[in-house]
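Engineer: Predicted model and sequence follow; I will ask about them next.
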Amino acid sequence: MPLPLLFIGTAVATGLFGAGKTAKAVTDNSKANAINNIANESVNNARDTLERQRTQVSTALEELGTIKLFVLNNSVNEFLDTFEKIKNVDFTESTGLEELQNLHIDQNDFEELKELGNFAANVAGGVTAGAVGGALTAIGAYGAAQTFAAASTGTAISALSGAAATNATLAFFGGGSLAAGGLGMAGGVMVLGGLVAGPALMVMGLITGAKSEEKLEKALENQAQAEEIAAALDTASMKCSAIRRRTYMFYNLLAHLDSYFLKQIWLMQDIVKEEGTDYRLYKPESKKAIAAAASTACSIKAVLDTPILTDEGNLTEQSEQITTKIAALIYKG
């Protein structure tokens, strides 16, 4: 006996409803997986970009630390060896040489340079021996006096490396995920503006076994979280890029000053050989040459003493000011 039409219609409607729910569940599940994959991919891409930037900043800071040590350990020490042989130096009493009268050079600068030069020799010895750690990164990031004051003679490399390992910014730039004492990637990102907490760097996956509607809702939450994290990582990457540019500005500035400095030192040495060691008896042009070398030494010290980064990982205003000021003097001269 055939089923009543009413029951036939109800069965068909029920079947279609069930098929619709199944199709919707499949669609929701597919959307959820796609959204979640895109969310994770965006975070991973932003994190990879930040890691590349971190590596580039690390290289730049190490190179700056290396040239700081080189300048101190070579041209600065060579200048001081020659300058200390000259007696009765007085730039304030230079009759007929007004530019020398206006030259303000503090004797303490030379004494501090000598201390830094001696310390640099000690640090360079450790670098040569291969015990570098994060020392070069620390020297590159911070001012010479500030950095070297953190370590005592004889333990320069280990002290500087230890400081780098326990400072989140230096740990971040000195090696990323440092095993010993460093905060690694998450710590570095937090230092670079308090942007991202460590656990939030990974977007959580979907809940296995959850209903399709819940999966889709969770995926949308992941997407919003991923966009926030990726934006924070991108901001950190831009900060890294700015730090790298400032670091190479300092490197180029030091290299430029050192190239001038070496010629001035050689001229000083010739003056001492030809005119003796009494500054009062020097020719006017010789006095100018000695003063020019002393002025360059002070400019180099200013660059060496100026930190690029604050302890929080931000660029310092002093580093921008010193590059502008000294670069203007170089190109004017």
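Structural biologist: Here it is on my side, so go on.
Engineer: low pLDDT regions in the stretch 51-200 of the chain?
Structural biologist: Residues of the stretch 51-200 of the chain that meet the criterion pLDDT under 70 lie in 93-107, 122-133, 145-167, 174-200.
Engineer: For the protein, which segments count as helices?
Structural biologist: Taking DSSP state H as the test, the helices found in the chain are 5-71, 77-83, 98-101, 107-128, 135-141, 144-148, 156-166, 168-175, 184-191, 212-275, 284-305, 317-332.
Engineer: any idea which of those helices is most buried?
Structural biologist: helix 135-141 (a mean of 29; mean count of other CB atoms under 10 Å). Every residue, glycine included, has its C-beta placed from N, CA and C.
Engineer: about what we covered before: which of the helices of the chain sits closest to residue 92?
Structural biologist: Taking CB to CB, helix 98-101 is the member of these nearest to residue 92, at 6.2 Å.
Engineer: Leaving out the residues flanking it, which one is nearest to residue 282?
Structural biologist: Once flanking residues are discounted, residue 282 sits nearest to residue 275: 5.4 Å by CB to CB, 6 or more residues apart in numbering.
Engineer: Arrange the helices of the chain in TSV, one row each, with distance to residue 92 as further columns.
Structural biologist: As requested, the helices of the chain are exported to TSV (distance: least, CB to CB, whole Å):
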stretch	distance to residue 92
helix 5-71	28
helix 77-83	17
helix 98-101	6
helix 107-128	12
helix 135-141	34
helix 144-148	26
helix 156-166	37
helix 168-175	42
helix 184-191	46
helix 212-275	20
helix 284-305	11
helix 317-332	21
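Engineer: Can you tell me which of those helices is nearest to residue 311?
Structural biologist: Closest approach to residue 311 among these is made by helix 168-175 (6.9 Å; CB to CB).
Engineer: May I have that closest one exported as CSV, CA atoms only?
Structural biologist: This file holds the C-alpha atoms of helix 168-175, laid out as CSV (Å, rounded to 0.1, in the frame of the first residue of the first chain):
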residue,chain,number,x,y,z
ALA,A,168,66.5,41.6,26.7
THR,A,169,67.4,43.9,23.9
LEU,A,170,71.0,42.6,23.5
ALA,A,171,69.8,39.0,23.9
PHE,A,172,67.3,39.6,21.1
PHE,A,173,69.9,41.1,18.8
GLY,A,174,72.8,39.1,20.0
GLY,A,175,71.4,35.7,19.1
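Engineer: That one to helix 212-275, inter-axis angle?
Structural biologist: Counting by axes from the mean of the first three to the mean of the last three CA atoms, to 10 degrees, helix 168-175 lies at 80 degrees to helix 212-275.
Engineer: Show me what helix 168-175 packs onto, helices and strands only.
Structural biologist: Contacting helix 168-175 under the criterion 3 or more CB pairs under 8 Å, 6 or more residues apart in numbering; DSSP states H and E are the following elements: helix 5-71, helix 135-141, helix 156-166, helix 184-191.
Engineer: returning to what we had before: can you tell me how far the residue nearest to residue 282 is from residue 286?
Structural biologist: 6 Å (CB to CB, to the nearest Å).
Engineer: any idea how far residue 304 is from the residue lying closest to residue 305 once chain neighbours are set aside?
Structural biologist: Distances taken as CB to CB, 6+ apart place residue 143 nearest to residue 305, at 4.6 Å, with adjacent residues excluded. Using CB to CB, we find residue 143 at a distance of 7 Å from residue 304.
Engineer: Also residue 227?
Structural biologist: 43 Å.
Engineer: One more: residue 267?
Structural biologist: 22 Å.
Engineer: Would you mind confirming that residue 303 is in contact with residue 253?
Structural biologist: Yes - counting by CB atoms under 8 Å, residue 253 is a contact partner of residue 303 at 5.9 Å.
Engineer: so what's in contact with the two at the same time?
Structural biologist: residue 326 (CB atoms under 8 Å, 6 or more residues apart in numbering).
Engineer: Verify the stated contact: residue 302 with residue 326.
Structural biologist: Yes - counting by CB under 8 Å, residue 326 is a contact partner of residue 302 at 6.9 Å.
Engineer: Model confidence for residue 290, exactly?
Structural biologist: Residue 290 is assigned 92 on the pLDDT scale.
Engineer: give the contact list for the closest residue in space to it that isn't next to it in sequence.
Structural biologist: Closest residue in space to residue 290, ignoring its immediate chain neighbours: residue 268 at 6.2 Å, by CB to CB, 6+ apart. By CB under 8 Å, 6+ apart, the contact set of residue 268 is 79, 82-83, 289-290, 293.
Engineer: Check the gap between residue 265 and residue 221 for me.
Structural biologist: Taking CB to CB, one finds residue 265 at 65 Å from residue 221.
Engineer: Over to residue 282?
Structural biologist: Taking CB to CB, one finds residue 282 at 78 Å from residue 221.
Engineer: same deal with residue 234?
Structural biologist: Separation of residue 234 from residue 221 (CB to CB): 21 Å.
Engineer: again, but for residue 307
Structural biologist: In terms of CB to CB, residue 307 sits 42 Å off from residue 221.
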